[in-house]
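**Q** sequence plus predicted model, see below.
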Amino acid sequence: MLPKLSTNNIGVICREVHTNNTKAFLDAWVTACGPSSPATIYVSSGRYLLRNAMFHGCNNHVITFGIDATLVAPSDYRIIGNAPNWLDFQDVTGLPIISDILEGQGI
């Protein structure tokens, strides 16, 4: 069985859509990219606000995102600034994302 990192254990995540949870998601990614074997990042049910986030590749193993939640972009696109994407995965190959809903709100 793959190690499972719950975002609730990595950082303080608020299920209210008005609280920015980007740092907790990025922290979970960094932890999962550590020197261990393949890992799963699990997001429990709720609605989570994420501003623009860039996830950089893990060269040493595969990460699976298991999302039993709704990830929500800011309703005002100006909040993400000049970022070209809301969620950006760079240098990542074969990333399984098992998700309920990604709510981009037009971004």
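**A** Perfect, thanks for sending it. Just so you know, these numbers come straight off a predicted model, no measurement behind them.
**Q** tell me the SS of the nearest residue to I98 once chain neighbours are set aside?
**A** Using Cβ to Cβ, 6 or more residues apart in numbering and skipping the chain neighbours, the partner closest in space to I98 is G66 (5.0 Å). C-betas here are computed from N, CA, C, even on glycine. Secondary structure state of G66, per DSSP: H, G, I helix; E, B strand; the rest coil, is strand.
**Q** what does R78 give?
**A** Following three-state DSSP, we place R78 in the helix state.
**Q** against L50, how distant is it?
**A** 16 Å (Cβ to Cβ, to the nearest Å).
**Q** more neighbours: those two, which one.
**A** A count of neighbours by other Cβ atoms under 10 Å puts L50 above the other of R78 and L50, at 21 against 7.
**Q** next one: phi and psi at T31?
**A** Dihedral angles of T31 (phi, psi; degrees, to the nearest 10) stand at phi -60, psi -40.
**Q** how many neighbours does it have?
**A** 17.
**Q** tell me where this protein has strands.
**A** Per DSSP state E, the chain carries strands over the ranges 4-6, 39-43, 47-49, 53-56, 63-72, 87-90, 97-103.
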